[in-house]
Structures are given as C-alpha cells and as structure tokens.
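> below are the sequence and a predicted model for it; my questions follow.
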Amino acid sequence: MTELIEIGVISDTHGHLTAAACEALAGVALILHAGDLDTPEVLARLAKIAPVQAVRGNMDRHPDLRALPPSRVVEIGGLALYMLHDFLDLDLNPVAAGFQAVISGHTHRPELTWRGPTLYLNPGSASAPRGVPQPSLARLTVAGGALQATLVQLPPE
C-alpha cells in the first residue's frame with residue numbers, strides 16, 4: 001500500500017495565525033512556511049499542529065527568526081521540494097536540480113502552476129492578503145512518488 005503524506009503550506013502570516021488557518025492545517029504530517037512569520041509565536045503555534053520547516057522572509061526581522069535560512073530543500077516521500085520566500089530570488093533551474101516543487105510566498109497571491117514536471121506553488125497570505133479577496137493556504141499530498149496540490153481559501157476576518 002502506498003504511503004500518503006499530507007503537507008500544509010502557509011506563508012505571509014505576518015504575526016497572525018487565525019483559527020481557520022489552524023483548522024485547515026489539522027491532520028497534516030508537516031507544515032512548510034514560506035516566510036514572513038514576523039513573530040516566533042507563529043512558529044510555536046504551528047509546531048503544536050505538526051513539525052514545521054520555514055524559510056526567512058523579508059519581514060522576519062525578529063532576532064529569533066533571523067536564523068531561518070533564506071531557502072531550504074525539504075525531502076519527503078521520495079520528492080525534493082525547494083522553498084524560498086520570494087520567487088524572484090530563485091537562482092537555479094528546478095528541473096535540472098531535481099526538484100518536484102518550488103514553494104514561495106511574498107506576493108500574497110495564491111498560485112498553483114505546473115511547468116512541465118515541476119509544481120510552482122504560492123499558498124497566498126494566510127492572514128493579510130493584498131490584491132485578493134481572502135486569505136489562503138495550500139495542502140500537498142505525496143503518494144507513490146507523485147505530488148498533488150490544492151489551494152484552500154480561508155474565510156476573511
């Protein structure tokens with residue numbers, strides 16, 4: 001039987017993590033945060049849901065967040081996912097590097113696009129979207145070496 005792994009992807013929480021976002025992440029095995037946490041309390045609250053892997057965003061100036069890496073490779077279920085905050089800082093070819101997904105944030109606009117074999121995912125802002133009607137995050141499913149993604153719209157506050 002193929003192992004099914006659920007991953008929550010969130011970004012741009014800006015120090016605010018709603019109950020709706022926490023509910024949407026319930027049951028995941030891992031949470032990926034693509035930066036702009038603003039406060040370490042967001043990491044602590046997310047860690048109560050599942051283990052968290054995060055990257056530093058341009059607003060992560062708190063001393064406890066400066067140690068976060070600007071990019072990170074997450075290997076799970078036989079897949080390699082590349083995380084960074086701002087997609088415009090991508091300085092590698094994801095296909096040549098063997099990444100099945102590039103996960104970013106920064107724009108606050110959700111995007112789920114496949115370019116050939118690679119998923120480009122921005123979960124949007126989970127708390128303070130700009131230019132979109134409501135907050136969002138994403139869920140990834142890894143099963144049998146395949147990746148599926150879904151954007152999750154959260155209720156406006």
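That came in fine, so what should we check first? Not measured: the values here are computed from a predicted model.

> and residue 83, bridged to which residues?
Beta-bridge partners of residue 83, counted by DSSP bridges, are residue 72, residue 103.

> any figure for the gap between it and residue 53?
Residue 83 sits 7 Å away from residue 53 when distances are taken as C-beta to C-beta, to the nearest Å. Backbone N, C-alpha and C define where each C-beta goes, glycine included.

> could you list the buried residues of stretch 123-133?
Within stretch 123-133, the residues that count as buried by 16 or more other C-beta atoms under 10 Å are 123, 124, 125, 126, 127, 129.

> the first one contacts residue 132, doesn't it?
No: with contacts counted by C-beta atoms under 8 Å, residue 123 stays clear of residue 132, the gap being 11.6 Å.

> what's around residue 59, how many residues?
Residue 59 is flanked by 17 other residues according to other C-beta atoms under 10 Å.

> that one against residue 11, yeah?
No: if you go by C-beta under 8 Å, residue 59 and residue 11 don't touch, sitting 11.1 Å apart.

> separation between the closest residue to residue 26 other than its chain neighbours and residue 62?
Counting by C-beta to C-beta, 6 or more residues apart in numbering, the nearest residue to residue 26 once its immediate chain neighbours are dropped is residue 49, at 6.7 Å. Using C-beta to C-beta, we find residue 49 at a distance of 21 Å from residue 62.

> tell me the secondary structure for the residue lying closest to residue 98 once chain neighbours are set aside?
For residue 98, the nearest residue in space outside its immediate sequence neighbours is residue 80; the separation is 5.7 Å by C-beta to C-beta, 6+ apart. Here residue 80 takes the strand state, with states given by DSSP: H, G, I helix; E, B strand; the rest coil.

> how about residue 23?
Classification of residue 23 using three-state DSSP returns helix.

> could you report the neighbour count for it?
The number of residues packed near residue 23 is 12, by other C-beta under 10 Å.

> gap between it and residue 17?
Distance of residue 23 to residue 17, computed by C-beta to C-beta: 11 Å.

> ok so, going back, quick one: contacts for the residue nearest to residue 26?
Contacts of residue 49 were listed using C-beta atoms under 8 Å, 6 or more residues apart in numbering, and they are 8, 22, 25, 26, 28, 31.

> what number of residues lie near the fifth one?
Looking back up the chat, that one is residue 28. Using other C-beta under 10 Å, the number of residues around residue 28 comes to 19.

> quick check: residue 46 is in a helix.
Yes: following the definition three-state DSSP, residue 46 is counted among the residues of a helix.

> cool, thanks, signing off.
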